[in-house]
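Trainee: structure here, sequence nowhere to be found:
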């Protein structure tokens, strides 16, 4: 079975409540002005793409990574932006969303490309892209993955201690109250380290006497700790729901396998688009392996957040880049200050890299 048919079959398994392919993607309006945070995020994203491209071309013999995603240095508020934005929307409608990088076997790479084909005509690209063995969407994250994991472990260890302490107090001091209220004693007794990531209950509003009030308040504190423990505590791959639709369209257009790479400032992880769909298509994974949330950092767009540990570690270390401030002058003398990044290096695990892409 060819790749695009495998993806189509997986698409049909995803609940419409997560991604509804029956609803056409709305054409978005061009933003009217840029902000410093946007420029910094774009600079970080560009750095992450270059980090991956350079690592592949330096260390993976027999393969070449080239820039394919849009690389125009134009922002809202500058002359020509609206025309550029509308052309981008047209492209999404016609072929889908380009991955940032394309991976070719050395024999299929033309040195005249100079590792950059993003500005080639669509006709020329249509002849080139089917020869790629992978499309890679590169995302960047402003975290150190190891330190984040350590911090979350400390937090959850502390919450576990508090949860079990509340349980013990309820059973030792307020056992008679729980006995008098149906199955409450059984529920509290069942709480242990193995179930605190999913157990839940509605806090009772007992107020008839002092002991009932105290028991209710203690259950409220227990519920608060459980709720805090059950929040998403992992860094993630972050495919936006609307992107899943346009990535799927690109795959149907070119039949090239697609992958997401997440670049942190200490590691790089990767996951296949196929694996993303398999995870989203299994309802048992929601609330555990993945969450669906409105991303406040991206105009509240609905985003799927899949645990980074569901992917493969592609670089065990990232050498920190240099960073410096830059100023950009827009129309009417408006100034934007943002951060730029340069240098750094991703130390690839070549076996993992080839393994996730299925290459030898």
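Mentor: Nice, thanks for sending it over. On a predicted model such as this, the values are computed, not experimentally measured, just so you know.

Trainee: mind listing the strands for the stretch 1-150 of the chain?
Mentor: 63-67, 101-105, 134-140 (DSSP state E, counting those that start in this stretch).

Trainee: make TSV out of those strands and add distance to residue 271 and mean pLDDT.
Mentor: All C-beta spots, glycine's among them, are computed from the backbone N, C-alpha and C. Formatted as TSV, those follow (distance: least, CB to CB, whole Å; pLDDT from 0 to 100):
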stretch	distance to residue 271	mean pLDDT
strand 63-67	17	97
strand 101-105	15	97
strand 134-140	10	97
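
Trainee: can I get the ones you listed in TSV with distance to residue 32?
Mentor: Below are the strands of the stretch 1-150 of the chain laid out as TSV (distance: least, CB to CB, whole Å):
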stretch	distance to residue 32
strand 63-67	28
strand 101-105	30
strand 134-140	25
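
Trainee: show me the contacts for residue 75.
Mentor: 34, 38, 39, 81, 328, 330 (CB atoms under 8 Å, 6 or more residues apart in numbering).

Trainee: buried subset of those residues as a PyMOL selection?
Mentor: Listed next is the PyMOL selection for buried residues among those, using 16 or more other CB atoms under 10 Å:
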select buried, resi 34+39+81+328
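
Trainee: mind putting the contacts of residue 75 into JSON lines with distance to residue 140?
Mentor: Output for those, formatted as JSON lines (distance: CB to CB, whole Å):
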{"residue": "34", "distance to residue 140": "18"}
{"residue": "38", "distance to residue 140": "13"}
{"residue": "39", "distance to residue 140": "14"}
{"residue": "81", "distance to residue 140": "23"}
{"residue": "328", "distance to residue 140": "20"}
{"residue": "330", "distance to residue 140": "24"}
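
Trainee: quick one: which of the contacts of residue 75 sit in helices?
Mentor: 38, 39, 81 (DSSP state H).

Trainee: which one of those is nearest to residue 219?
Mentor: residue 38 (44.9 Å; CB to CB).

Trainee: the closest residue to the closest one other than its chain neighbours and residue 339, how far apart?
Mentor: Leaving aside its chain neighbours, residue 38 sits nearest to residue 75 (7.4 Å; criterion: CB to CB, 6 or more residues apart in numbering). Distance from residue 75 to residue 339, counting by CB to CB, to the nearest Å: 15 Å.

Trainee: alright, calling it a day.
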